[in-house]
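1. Next input, structure requested:
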Amino acid sequence: MKFGGTSVADLERIRRVARLVAAESATGKPVAVVVSAMAGKTNELVAWTDGAGAAAQGIAPSDDEYDVVVASGEQVTAGLLAMTLRNMGLRARSWMGWQIPIIADDAHGRARIEEIPADALGAAMDSGEIAVIAGFQGVTRDGRIATLGRGGSDTSAVAIAAALGGACDIYTDVDGVYTTDPRIENKARRLAKISYEEMLEMASLGAKVLQTRSVEMAMAHRVKVRVLSSFVEPGEAPDQGTLLCDEEDIVEKRIVSGVAYSRDEAKVTLFGLPDHPGVSSRIFSALADANVNVDMIVQAHARTADTANMEFTVGKRDAARAMKVVEDLKGDLGFEGAALDEDVAKVSVIGVGMRSHAGVAKTMFEALAAKGVNIQVISTSEIKISVLIESAYTELAVRALHAAYELDKL
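-> Model prediction:
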């Protein structure tokens, strides 16, 4: 069972979580609980690291010490929930990432799980003890705390479920996965089932319900995952939630299942690149070495002969790092200049039905054109189409696409 930040935002909500955990434990199943930091706490901790680094001295905070600070939020929640369960007469104890241990690489702030030797954890659960685990955190092989990226508690939960051979229920502030964000489109519908592939695309394209790597891990290990609401009492709404499953387990076939968006985007533009082999390799190798994740990429011939312009997107947190990387390459590669635009958003439509239906892109572009939304960059895969637009048009674009694909009728 995994509970997000809004589910454990205060002591009253932690007590409700404890009641849900107690009800699950009463069925006789061994239970592990992964918790996030209280809502808003990680943002506060990140702001402190920014103040100690960039804001105070003009430099970025050290990534390993950044992890020490931001991992503390989950520790507080794990201890509070374990105490609450004990006060209810249940056997429970908290576990930090290093106590299990969750072995991670040393890419601090975005570490990947390498191994979970869960013998001690499994033995405690088999004895009837409820394990309350601090999500979002692991430990490097040399003993340093490493966090798994924002939303990393989802990955912690799925990884632990895989290590224990169990299922994973993700409790959040919504009662499942919707066709789009209900806060933007009140006609959004809850999906009873969604394929791993669709959920992976939705998570990677901005849907906040699950972290991308948690879905990757669930798909790789075939972990049964349900998305549920924590804002219910035990026994309420038994049919709630969305099940992640294989595509063939979904009877009702949909062309498009959802519309996702992300405002956490920054666009880097390089002007006047020499148009010859090896230039792109140099750029993206340097970005990879700097741990900058690149998403959408487009290149086109420039007006000057033998030159090209290139645009690519990165997360806003990586924008300054990406610009430093490309500026450092300017002398070697000889391009004219670089520009950064953080006033952009990515809007995407996702559906496994795209594999066998024509006209999906036509519908998307017509719907956006009708609302006067200009497209800056386009990216496609087998089951999704993404466009980069001016951020001011995000909500308008989401509602237009939701209506165009008639997702309110699912």
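2. Only C-alpha atoms from now on, for both contacts and neighbour counts.
-> Will do.
3. ok, Asp64 touching Thr147?
-> No: with contact defined as Cα atoms under 8 Å, Asp64 does not count as touching Thr147 (9.0 Å).
4. Need the overlap of contacts for these two.
-> 108-109 (Cα atoms under 8 Å, 6 or more residues apart in numbering).
5. Centroid-wise, who is the farthest residue in this structure?
-> Ala305 (41.3 Å; Cα atoms, centre = their mean).
6. picking that back up, looking at Asp64 and Thr147 now, which is surrounded by more residues?
-> Thr147 (32 against 16; other Cα atoms under 10 Å).
7. how near is the more buried one to Ser381?
-> From Thr147 over to Ser381 the distance is 30 Å, taken as Cα to Cα, to the nearest Å.
8. circling back to that earlier point, any idea how far the residue farthest from the centre of the chain lies from Asp275?
-> From Ala305 to Asp275 the distance is 9 Å (Cα to Cα).
9. tell me what the strand or helix carrying Ile160 is packed against?
-> Using DSSP states H and E, Ile160 maps to helix 152-164. In this structure, helix 152-164 packs against strand 2-3, strand 32-35, strand 137-139, strand 168-172, helix 212-221, with contacts taken as 3 or more Cα pairs under 8 Å, 6 or more residues apart in numbering; DSSP states H and E.
10. go with 6 Å
-> Here helix 152-164 touches helix 212-221, going by 3 or more Cα pairs under 6 Å, 6 or more residues apart in numbering; DSSP states H and E.
11. So what touches the helix or strand just after the helix it packs on?
-> Reading on from helix 212-221 to the C-terminus, the next helix or strand found by DSSP H and E is strand 225-229. By Cα atoms under 6 Å, 6 or more residues apart in numbering, the surrounding residues in contact with strand 225-229 are 168-176, 241-244.
12. got the residue ranges for the strands in the stretch 301-410 of the chain?
-> Along the stretch 301-410 of the chain, the segments classed as strands by DSSP state E, counting those that start in this stretch run 307-314, 337-350, 377-381, 384-390.
13. Over to the stretch 1-150 of the chain?
-> Under DSSP E, counting those that start in this stretch, the stretch 1-150 of the chain gives strands at 2-3, 32-35, 92-95, 103-104, 113-115, 130-134, 137-139, 145-147.
14. would you turn these into JSON lines with mean pLDDT?
-> As requested, the strands of the stretch 1-150 of the chain are exported to JSON lines (pLDDT from 0 to 100):
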{"stretch": "strand 2-3", "mean pLDDT": "96"}
{"stretch": "strand 32-35", "mean pLDDT": "97"}
{"stretch": "strand 92-95", "mean pLDDT": "97"}
{"stretch": "strand 103-104", "mean pLDDT": "96"}
{"stretch": "strand 113-115", "mean pLDDT": "93"}
{"stretch": "strand 130-134", "mean pLDDT": "98"}
{"stretch": "strand 137-139", "mean pLDDT": "96"}
{"stretch": "strand 145-147", "mean pLDDT": "95"}
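15. With Ile194 as the reference, name the closest of the ones you listed.
-> strand 2-3 (19.0 Å; Cα to Cα).
16. Paired strands for the closest one, with orientation please.
-> strand 32-35 (parallel), strand 168-172 (parallel) (DSSP bridges).
17. Could you identify which of these is most buried?
-> strand 32-35 (a mean of 27; mean count of other Cα atoms under 10 Å).
18. Distance from the chain centre to it, please.
-> Distance, stretch centre to chain centre, for strand 32-35: 18 Å (Cα atoms, centre = their mean, to the nearest Å).
19. With stretch 293-313 instead?
-> 27 Å.
20. in the stretch 201-350 of the chain, which spans are helices?
-> Using DSSP state H, counting those that start in this stretch, the helices of the stretch 201-350 of the chain run over 212-221, 279-289, 319-333.
21. Any chance of those helices in a markdown table with mean neighbour count and mean pLDDT as columns?
-> Below are these laid out as a markdown table (neighbours: other Cα atoms under 10 Å; pLDDT from 0 to 100):
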| stretch | mean neighbour count | mean pLDDT |
| --- | --- | --- |
| helix 212-221 | 20 | 92 |
| helix 279-289 | 14 | 94 |
| helix 319-333 | 16 | 93 |
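22. right, and those helices - which one's nearest Arg19?
-> Per Cα to Cα, nearest to Arg19 of the helices of the stretch 201-350 of the chain: helix 212-221, 25.3 Å.
23. Residues touching that closest one, excluding its own?
-> By Cα under 6 Å, 6+ apart, the surrounding residues in contact with helix 212-221 are 154-155, 158, 196, 200, 203-204.
24. returning to that earlier point: Throw the strands of the stretch 301-410 of the chain into a markdown table and include distance to Asp50 and mean pLDDT, thanks.
-> Putting those into a markdown table (distance: least, Cα to Cα, whole Å; pLDDT from 0 to 100) gives the following:
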| stretch | distance to Asp50 | mean pLDDT |
| --- | --- | --- |
| strand 307-314 | 19 | 94 |
| strand 337-350 | 19 | 95 |
| strand 377-381 | 31 | 90 |
| strand 384-390 | 27 | 96 |
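25. I'd like those strands laid out as a markdown table, including mean neighbour count.
-> Shown next, in a markdown table, are these (neighbours: other Cα atoms under 10 Å):
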| stretch | mean neighbour count |
| --- | --- |
| strand 307-314 | 20 |
| strand 337-350 | 20 |
| strand 377-381 | 15 |
| strand 384-390 | 21 |
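26. wait, which of these is closest to Asp142?
-> strand 307-314 (29.9 Å).
27. angle of the closest one against strand 337-350?
-> 60 degrees (axes from the mean of the first three to the mean of the last three Cα atoms, to 10 degrees).
28. strand partners of strand 307-314, parallel vs antiparallel please.
-> strand 258-274 (antiparallel), strand 294-301 (antiparallel).
29. Between the ones you listed, which one is closest to Glu336.
-> Among the strands paired with strand 307-314, if distance is taken as Cα to Cα, the winner is strand 258-274, at 5.0 Å.
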